[in-house]
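Undergrad: what follows is a predicted protein model with its sequence.
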Amino acid sequence: MYGIICGKFIDGTGNKVKTNVCLYVDGDRIVNISNKKLYKNINYIDASNMTVLPGLIDAHKHILNCGGSGMGVGLSLRTIYSNLKKMQQSGVTSLLDLGSAYFLPPLERLLNPKIRIFNAISIITCPGGYPAEYMPKKFYSLGAVTECDSFESIYTTVKKLYKKGVSCIKTAVVSKSFTGNPINSWSIPMLKYLVDVSHSFGLKVCAHVTYACDYEKSAICGIDSVHHAAFDDIVKDDILNLMVEKDMQLVPTISLSHMMFAGLEEKWIYNSDFQSSLHNPLKKNLLKFTNDYFACDDSAPIGDLFINIPKKDFLKVPDMQFENLKKFIRLGGNIAMGTDSALGFTLHETPIWELKLLHSSGLSIEKTISAATYQSAKVFGKENELGSLSIGKKADIIIINGDLFADISNIVNICAIIVDGKFIKRTDL
């Protein structure tokens, strides 16, 4: 057993910060929390001038993506290993990989990361449904996408994924293409059945939703979490209120678009500090992506970016997503943190951009940390094990050398990362 003397203590539930708290860890669990030292003859870690909080949980990741304008830029065993190493140092102690391949879970076990990785593996969709407009069919054969054309095939697919040990089911509720043309989408009876079958196996359902018009179907059919703030229009109040009433979560992933345009406009790829952590294929991709951005006409798509919409429309996305996020928060909606990394200029690093945007959208510091811990664990049904500093929970903890209430950016100053009660990073303590 050991104790941590906490200067500031944020438990992850959204409760107000506490000061001068002692947290006790035995094995892989938190065993006690008090306002004074309870035990003699144990080691105490002095974090009395620091902030202690749960390990961060990213509820929307893509381990097989490395950044850039498309999927799997420069993907290799080496880059997957590098991605995992970066995640281990980022303060993210658990993540949900949403849409990958059948081989990823065994590969993760082989690489033995020190953080927790939860998987959905396949996106379950209807024939010709999202992401058919941009994803090559070769990825379907690897398990990234499964098309279901009947109630029977839905049941069989969910059961298969359950047996593979997935932590949730991912689907897509998308009724039109990036160019605005109608595409195949779930009927309400089939989507409801997918949700009901998933719940019968104890699995929550996450839905990729791109457009404001598709939020209503997601709510009607009982989707547990909607991923991505709508980027084409403002979602109507009655639909958002229905989501709040049904206790649905929104995982807005808004840092993706904000970082995309900051990286392009500010030409990050020409910055030597930014370049230093990139492998060569990604450097070349981002260089071309940046040059394409400045060269293309406002009415044309940006280079080979898989989101195939005119530049002038894409430039509106960050503000539209931010307004939808703020509106959902004002109406009392539950927010969970996901970065959708790595795409564009979002890399597998500390998710400071997403946290800053969540805080500036109206969440208190405590609620922002809750979005990145307890609420994120709830997305895939692990909130009773992870996501808060509570007695009996897993001892996943980060210690920050700084005051988040002075500046949430201080969260990058990580001096200790603890997973299962064991230090995977420790400095200045």
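TA: Great, that's in hand. The structure presented is a predicted model; accordingly, all values stated were derived computationally and were not measured. Numbers count the residues shown, from 1 in each chain.

Undergrad: tell me the pLDDT at residue 22?
TA: Reported pLDDT at residue 22 in the predicted model: 98.

Undergrad: surely residue 393 and residue 385 touch.
TA: Yes: using Cβ atoms under 8 Å, residue 393 is in contact with residue 385, at 6.5 Å. (C-beta placed from N, C-alpha, C; glycine too.)

Undergrad: compare these two (neighbour count), which wins?
TA: Counting neighbours by other Cβ atoms under 10 Å for residue 393 and for residue 385 shows that residue 393 has the greater number, 21 against 15.

Undergrad: contacting residues for the more buried one?
TA: Remark: with contacts taken as Cβ atoms under 8 Å, 6 or more residues apart in numbering, residue 393 is in contact with 29-30, 385-387.

Undergrad: pull out the buried positions in the helix or strand where residue 49 lies.
TA: Secondary structure from DSSP states H and E places residue 49 in strand 43-54. By neighbour count with 16 or more other Cβ atoms under 10 Å, strand 43-54 contains the buried residues 45, 47, 50-54.

Undergrad: by contact count, what packs against the helix or strand following that strand?
TA: Stepping forward along the backbone from strand 43-54, the first helix or strand reached (DSSP H and E) is strand 56-61. The criterion is 3 or more Cβ pairs under 8 Å, 6 or more residues apart in numbering; DSSP states H and E, and the helices and strands that strand 56-61 contacts are strand 92-97, helix 374-379.

Undergrad: need these in TSV with mean neighbour count and mean pLDDT, can you?
TA: Formatted as TSV, the helices and strands packed on strand 56-61 follow (neighbours: other Cβ atoms under 10 Å; pLDDT from 0 to 100):
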stretch	mean neighbour count	mean pLDDT
strand 92-97	27	96
helix 374-379	27	98
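
Undergrad: which residues of this protein score low on pLDDT?
TA: Segments of the chain classed as low confidence (criterion: pLDDT under 70) are not present in this model.

Undergrad: give me the most central residue, it.
TA: Centroid-nearest residue in the chain: residue 338, 2.1 Å away (criterion: Cα atoms, centre = their mean).

Undergrad: wait, that one touches residue 380, no?
TA: No: under the criterion of Cβ under 8 Å, residue 338 makes no contact with residue 380, lying 10.9 Å away.

Undergrad: all helices of the stretch 101-250 of the chain, in order?
TA: In chain order, the stretch 101-250 of the chain shows helices spanning 104-111, 137-141, 151-163, 188-200, 215-220, 237-245, with DSSP state H, counting those that start in this stretch as the criterion.

Undergrad: please identify the buried residues of the last one?
TA: Read it as helix 237-245. Buried residues in helix 237-245, counted by 16+ other Cβ under 10 Å: 239-240, 242-244.

Undergrad: out of those, which is nearest to residue 89?
TA: For the buried residues of helix 237-245, the minimum distance to residue 89 (Cβ to Cβ) is 34.9 Å, reached by residue 243.

Undergrad: please name the residues that touch residue 304.
TA: Applying Cβ under 8 Å, 6+ apart as the definition, the contact partners of residue 304 turn out to be 69-70, 288-289, 292.

Undergrad: can you say which of these are buried?
TA: With neighbours counted using 16+ other Cβ under 10 Å, those contain these buried positions: 69-70, 289, 292.

Undergrad: among the residues you listed, which are in strands?
TA: Within the buried ones among the contacts of residue 304, no residue falls in strands by DSSP state E.

Undergrad: residues making contact with stretch 183-200?
TA: In this structure, residues lying in contact with stretch 183-200 by Cβ under 8 Å, 6+ apart are 124-130, 132-133, 148, 151, 154-155, 158, 168-169, 171, 173-177, 204-205, 214, 217, 220-224.

Undergrad: show me the residues you listed that map onto strands.
TA: Counting by DSSP E, the members of those that fall within strands are 124-125, 168-169, 171, 204-205.

Undergrad: and the two most separated of these?
TA: Taking Cβ to Cβ, the two most distant members of those are 125 and 204; they sit 17.4 Å apart.

Undergrad: if we can go back for a sec, out of the contacts of residue 393, who's nearest residue 329?
TA: Nearest to residue 329, judged by Cβ to Cβ, of the contacts of residue 393 is residue 387 at 19.2 Å.

Undergrad: the closest one: how many residues sit nearby?
TA: Neighbour number of residue 387 under other Cβ under 10 Å is 30.

Undergrad: start at 22 instead
TA: Fine by me, first position is 22 from now on; the one you just mentioned is residue 408.

Undergrad: on the three-state scheme, it is what?
TA: Secondary structure, DSSP: H, G, I helix; E, B strand; the rest coil: residue 408 is coil.

Undergrad: and the nearest residue to it once chain neighbours are set aside, how far is that from residue 388?
TA: Counting by Cβ to Cβ, 6 or more residues apart in numbering, residue 398 is the residue found nearest to residue 408 once chain neighbours are left out, at 3.2 Å. Distance from residue 398 to residue 388, counting by Cβ to Cβ, to the nearest Å: 15 Å.

Undergrad: again, but for residue 143
TA: 32 Å.

Undergrad: same deal with residue 199?
TA: As judged by Cβ to Cβ, residue 199 and residue 388 stand 33 Å apart.

Undergrad: before we move on, the earlier item: what's the most distant pair in the buried ones among the contacts of residue 325?
TA: Farthest apart among those - using Cβ to Cβ - are 91 and 313, which lie 12.2 Å from each other.

Undergrad: need the three-state assignment for residue 308.
TA: If you use three-state DSSP, then residue 308 falls in the helix class.

Undergrad: surely it meets residue 290?
TA: Yes: under the contact definition of Cβ under 8 Å, residue 308 touches residue 290, with a separation of 5.2 Å.

Undergrad: of the two, who's got more company?
TA: Between residue 308 and residue 290, residue 290 has the larger neighbour count (other Cβ under 10 Å), namely 21 against 15.

Undergrad: got a list of what the residue nearest to that one when sequence neighbours are not counted touches?
TA: Nearest non-adjacent residue to residue 290, counting by Cβ to Cβ, 6+ apart: residue 307, 4.4 Å away. With contact set as Cβ under 8 Å, 6+ apart, residue 307 has these partners: 88-90, 284, 289-290, 299, 366.
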